[in-house]
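J.: need a structure here:
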Amino acid sequence: MAGHLRSGNTIAGYCLLAIITFGGDRSWASPIVGDPSLFSRIVGPVSANLQRLHTWQGRAEITRSAIDAAGQSFSREVIEVNFACDRDHDAVRWNLHAASGTIAEQPIHPYFTSGMLWGGKIYRLQPYAVGPRPAGLTLLIEPRPAIPASGIDESLDEFSPMAYFPQVQGDTAKALQWYKVHSADKDLIGGTISDLGDRIVFELSEKAGPAKGVNRYEFSKNQGWNLTREFLGDDVVQQAYTISYQHISGVFVPSSYTSTYHTARPSPGQPSSTKTEVQFLDPRLNSPITFSLQLLGLRPGDDVYDRASGLDYIYSEPTSMPGSTP
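T.: Next up, the predicted model:
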């Protein structure tokens, strides 16, 4: 969409360049210091919590802002989203309203759009300006196989609440179980795990080389041992996350999410710092969800271009998705 703001980093920051990886010079390598049983204290509750979460519906209010190297405002936008996520079907639906925004002090015109990830396909309704809904909108359907509901692309106005449910290296339980098993390996990157009573802190640090990168994760006892703070960074790039959770019917889901990103070497014309703040409102967990083209806002007479099946047609009547919750 013309003029829509983008922070330059992924929606949940899993692709930060400063993430420490294995390989290269192992002269600094060492086992993880601390009690490896602490990993198990986190893995069990985190895994069980996600297993109890089947569907999640509600609203999200998102504020993104950016500043340049001189500390001046570069951009700001506010987005409101109604969403429905079905983890059992690996499906998500969103109705998005870009409520306000500016780039270089120039206003962005508010607009609506919607989309859905279902059955290995991505559905996107053509954006339209706030005001009377125009006739003859276009729905584009494209293949998107083997992509989880968290694997969305914010640059195309896609949304999933699971993208703000942070995981260590994509899957907290699997990652921490791996570190528990390999914590004594002598060729492992140096790290520590510490019990601070109300939280457990796990840190990996590269002690050699020019970057001196650090990955730091905090897990809170009072929030189901979920990841509540994360820092990934080196001398050039730093990214931090803070997440609070709400406990509903035995399940923890995020209630607020804040991420900050800073680079000491921004590209010309790009911001040096960005911030994303998300508030999750009116949550409804494990209740039935329906996925349909009508709920995307499609109306009779709208065009449908189905690139997944090779069919183009004019939408004429409401259609529920096969297997959607009644």
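J.: can you map out the helices along the chain?
T.: Under the criterion DSSP state H, the chain contains helices at 37-52, 172-182.
J.: so what secondary structure elements neighbour the last one?
T.: By that I understand helix 172-182. Here helix 172-182 is seen to pack against helix 37-52 when contacts are counted using 3 or more C-beta pairs under 8 Å, 6 or more residues apart in numbering; DSSP states H and E. Heads up, the C-betas are built off the backbone N, CA and C, glycines and all.
J.: residues making contact with the helix it packs on?
T.: Applying C-beta atoms under 8 Å, 6 or more residues apart in numbering, the contact partners of helix 37-52 are 87, 172-173, 176-177, 179-180, 183, 193-195, 200, 202, 219, 224-226, 250-252, 286.
J.: Sitting in strands, which of those residues do you find?
T.: Using DSSP state E, the members of the contacts of helix 37-52 that fall in strands are 193-195, 200, 202, 219, 226, 251-252.
J.: What strands line up against the helix or strand of the chain with the lowest mean pLDDT, and which way round?
T.: Least confident helix or strand, the chain: strand 106-107 with a mean of 83, by mean pLDDT, DSSP states H and E. Strand 106-107 has the following sheet partners, assigned by DSSP bridges: strand 91-103 (antiparallel).
J.: which parts of the partner strand are buried?
T.: Neighbour counts using 16 or more other C-beta atoms under 10 Å place 91-99, 101-103 of strand 91-103 among the buried residues.
J.: ok, the nearest residue to V168 once chain neighbours are set aside - contacts?
T.: Leaving aside its sequence neighbours, V168 sits nearest to A175 (C-beta to C-beta, 6 or more residues apart in numbering; 4.5 Å). Applying C-beta under 8 Å, 6+ apart, we find A175 in contact with 167-169.
J.: Kindly reformat the buried residues of strand 91-103 as TSV and extend each row with pLDDT and distance to A69.
T.: Listed next are the buried residues of strand 91-103 as TSV, based on pLDDT from 0 to 100; distance: C-beta to C-beta, whole Å:
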residue	pLDDT	distance to A69
A91	91	41
V92	93	36
R93	95	39
W94	95	34
N95	96	36
L96	95	31
H97	94	32
A98	91	26
A99	90	28
G101	85	21
T102	84	18
I103	81	17
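J.: Need the max-distance pair from those residues.
T.: Farthest apart among the buried residues of strand 91-103 by C-beta to C-beta are A91 and T102. That separation is 33.9 Å.
J.: gap between the residue nearest to E317 when sequence neighbours are not counted and Y128?
T.: Closest residue to E317 apart from its sequence neighbours, by C-beta to C-beta, 6+ apart: P300 at 6.9 Å. Separation of P300 from Y128 (C-beta to C-beta, to the nearest Å): 16 Å.
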